[in-house]
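[1] Sequence and predicted structure are below.
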Amino acid sequence: MSTPSAPDATLTVGDVADRVGLAPSAVRYYDERGLIRSVRTTGGQRRFGRDTIRRLAFISAAQQVGKTLDQIADALETLPDERTPTHDDWAAIATSWRPGLDEQIARLEALRDKLDGCIGCGCLSLERCALWNPDDAAATLGDGARWLLGESLSDVDATATATAVHDPSRS
Ligand code: FES
């Protein structure tokens with residue numbers, strides 16, 4: 001996203017790309033997404049301030065822990081005056097992301113344990129396979145071979161949500 005003025009904006013797209021090891025197209029993309037800020041020369045070329053390097057380091061670190069660009073943009077928007085994350089900002093944001101990362105790890109470990117049961121098996125049985133039919137989810141959709149009828153785990157989630165909304169015991 002271009003801003004009207006930035007006196008220290010002297011780095012070209014190529015300069016920034018070289019400093020952080022990104023393709024120039026990625027730098028332009030992040031600029032268009034508003035994750036970094038550029039100004040335009042009279043000839044229409046982008047120029048970036050030196051804080052762009054730190055901003056891209058923040059984006060890269062956030063991506064390493066699985067954050068999407070939307071989530072990263074949300075985190076950047078929490079900072080006053082759209083500033084580049086300071087040392088303390090990054091420490092606070094990283095701390096706030098820790099519980100979510102712990103949950104993701106726990107979910108993946110549980111999936112790995114279920115996958116262990118499939119290794120060397122291959123049955124893909126509705127009765128036995130914890131990945132194909134976790135917690136006998138197919139049974140919540142009714143009788144019969146629900147997956148073969150075209151339903152899937154996403155239908156189970158929708159049914160569970162609808163039940164939660166209409167179940168007076170949950171209110
Ligand atoms: S394939 Fe047999 S338990 Fe998953």
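    Happy to help now that I have it. Numbering: from 1, shown residues only.

[2] need the contact list for the nearest residue to D51 once chain neighbours are set aside.
    Spatial nearest neighbour of D51, chain neighbours left out: T84 (4.1 Å); criterion: Cβ to Cβ, 6 or more residues apart in numbering. Glycine gets a C-beta too; all of them are placed from N, C-alpha and C. Contacts for T84 (Cβ atoms under 8 Å, 6 or more residues apart in numbering) come out as 51-52, 54-55, 58.

[3] Swap in 7 Å and give it another go.
    The contact partners of T84, taken as Cβ atoms under 7 Å, 6 or more residues apart in numbering, are 51, 54-55.

[4] And Q45, by the same measure?
    Taking Cβ under 7 Å, 6+ apart, one finds T12 in contact with Q45.

[5] thinking V20 is in contact with I53, fair?
    Yes. Using Cβ atoms under 7 Å, V20 is in contact with I53, at 6.2 Å.

[6] Who wins on neighbours among the contacts of T84?
    Greatest neighbour count in those, by other Cβ atoms under 10 Å, goes to R55: 22 neighbours.

[7] Residue nearest the middle of this protein, spatially speaking?
    Nearest to the geometric centre of the chain sits T68, at 2.8 Å (Cα atoms, centre = their mean).

[8] That one and R37: what is the separation?
    20 Å (Cβ to Cβ, to the nearest Å).

[9] do T140 as well
    T140 is 49 Å from R37, by Cβ to Cβ.

[10] So what does the residue nearest to the centre of the chain have for phi and psi?
    phi -80, psi 170 (degrees, to the nearest 10).

[11] Tell me which residues touch it, please.
    T68 makes contact with no residue, according to Cβ under 7 Å, 6+ apart.

[12] Could you double-check that A73 sits in contact with Y30?
    No. A73 lies out of contact with Y30 (Cβ under 7 Å); the separation is 9.9 Å.

[13] More neighbours: these two, which one.
    Per other Cβ under 10 Å, whichever of A73 and Y30 has more neighbours is Y30, with 23 against 15.
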